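1. Sequence and predicted model, in that order:
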Amino acid sequence: MKYLILSLLFIVSLDASCKIPKDIKPFIQQTDINQLKKHRDIRRNFNSLKNLCVNIVSIKEGKYNWKMLLVTNPKKPKGAFWFLPHDNENTAFDAGVYATQKYGGGFLAVMANDKRYFMGQDPNRNFGETKKTAKTCSKQKYPAPKYSKTVFKIIDSYKNPQYPYMSLHNNKNGHRGNGGSGGVSILKSSKIVQSFPAFKNITKSNRGLKDEDTLIYIAGFAKKPNQTKLNRLLSLGLNTKYEIIDKNNNDCSLSNYVVLNKKTTNYYNIETQHGDLKTQKNMIDKIMGLIK
Ligand SMILES: [Zn+2]
């Protein structure tokens, strides 16, 4: 009998922690994971996701009917939280599952049929609330107050308040194309996005910490990154890019919104080349080690 009560209590407590916080409930469609098997991200991670909470977020704004997967950890609902704007970046999704199991919290991943854009809009250029931002941000088609506010409401519901805002991305080999199309490299630098390689011998291979495509982004208003923070990242072997944020240069990406609207520079974006899951997990561990 004692056993039965204990196991009942256990089941109830597990279920209770998949509970959706009240103020984000209107945006959640509670979902059975078996109904989501048509999505490749779900199929690839099915066994791990079975032990996590998986729900669909729905945000209707203008002509867009955004769908996002919200994955959270029932044993530790408050923890690290990640935003994954690009549905074609599959390694980032797998890394998000790993991080959620290991560090609690969870992640929010935009669903766009495995594509980078959704109905012509880059999800990571849609963080702007007014007509003015849509004008300043060349890649934001329409103002998106509901999108911006809801995404951050969800992030703030699960993120430990001490933890940074974080995102996960993958990019293509090399540095052809601009950052916006997924071709970033630590070997490329500009006035606004400065590069600080952690190694003298950056490689052009396809994986590992020394690869030119392996990097983290930090951001702030200052003309130079905080030296202590930068040194710490470089000593961990993390190639670092520093983005200078300016409201007149706003691109409506997550980093710009965090610095301009959430008024903090506590932000990390972890990037590897497509397919380099091992390195992305390694970088997650390094960043989590740093912020604990
Ligand atoms: Zn991306």
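-> Arrived safely. Residues are numbered from 1 along each chain as shown.
2. what residues does the stretch 151-292 of the chain put near the ion?
-> His169 (Cβ under 5 Å from the ion). The way it works is simple: take the backbone N, C-alpha and C, and place the C-beta from them, glycine included.
3. Mind doing that once more with 8 Å?
-> Proximity of the stretch 151-292 of the chain to the ion, by Cβ under 8 Å from the ion, involves residues 167, 169-171, 182, 271.
4. where does the stretch 1-150 of the chain have low pLDDT?
-> 1-16 (pLDDT under 70).
5. Closest residue of it to the ion?
-> Closest contact between the stretch 1-150 of the chain and the ion, by Cβ to the ion, is at His86 (3.6 Å).
6. mind checking the backbone torsions on that residue?
-> Main-chain dihedrals, His86, degrees, to the nearest 10: phi -110, psi 110.
7. Tell me who's in contact with it.
-> 92, 110, 112, 116, 123-124, 169-170, 182 (Cβ atoms under 8 Å, 6 or more residues apart in numbering).
8. do stretch 97-108 and the ion meet at all?
-> No: in terms of Cβ under 8 Å from the ion, no part of stretch 97-108 sits within range of the ion; the closest distance is 13.4 Å.
9. what about that stretch, start to end distance?
-> Taking Cα to Cα, to the nearest Å as the measure, stretch 97-108 stretches 11 Å from start to finish.
10. Figure out how far that stretch is from the centre of its chain.
-> 11 Å (Cα atoms, centre = their mean, to the nearest Å).
11. Name the SS class of the residue of the stretch 101-250 of the chain found nearest the ion, please.
-> Using Cβ to the ion, the closest approach of the stretch 101-250 of the chain to the ion is made by His169 at 3.5 Å. The three-state label given to His169 by DSSP: H, G, I helix; E, B strand; the rest coil is strand.
12. Ile192 touches Asp251, doesn't it?
-> No: judged on Cβ atoms under 8 Å, Ile192 makes no contact with Asp251 at a distance of 9.5 Å.
13. And the two? Which one has more around it.
-> Using other Cβ atoms under 10 Å as the criterion, Ile192 and Asp251 rank with Asp251 on top: 23 against 12.
14. Tell me who's in contact with the residue lying closest to Glu212 once chain neighbours are set aside.
-> The shortest distance from Glu212 to any non-neighbouring residue, by Cβ to Cβ, 6 or more residues apart in numbering, is to Ser185 (4.4 Å). For Ser185, the contact set (Cβ under 8 Å, 6+ apart) comprises 174-175, 212-213, 215.
15. What about those residues, which are in strands?
-> Leu215 (DSSP state E).
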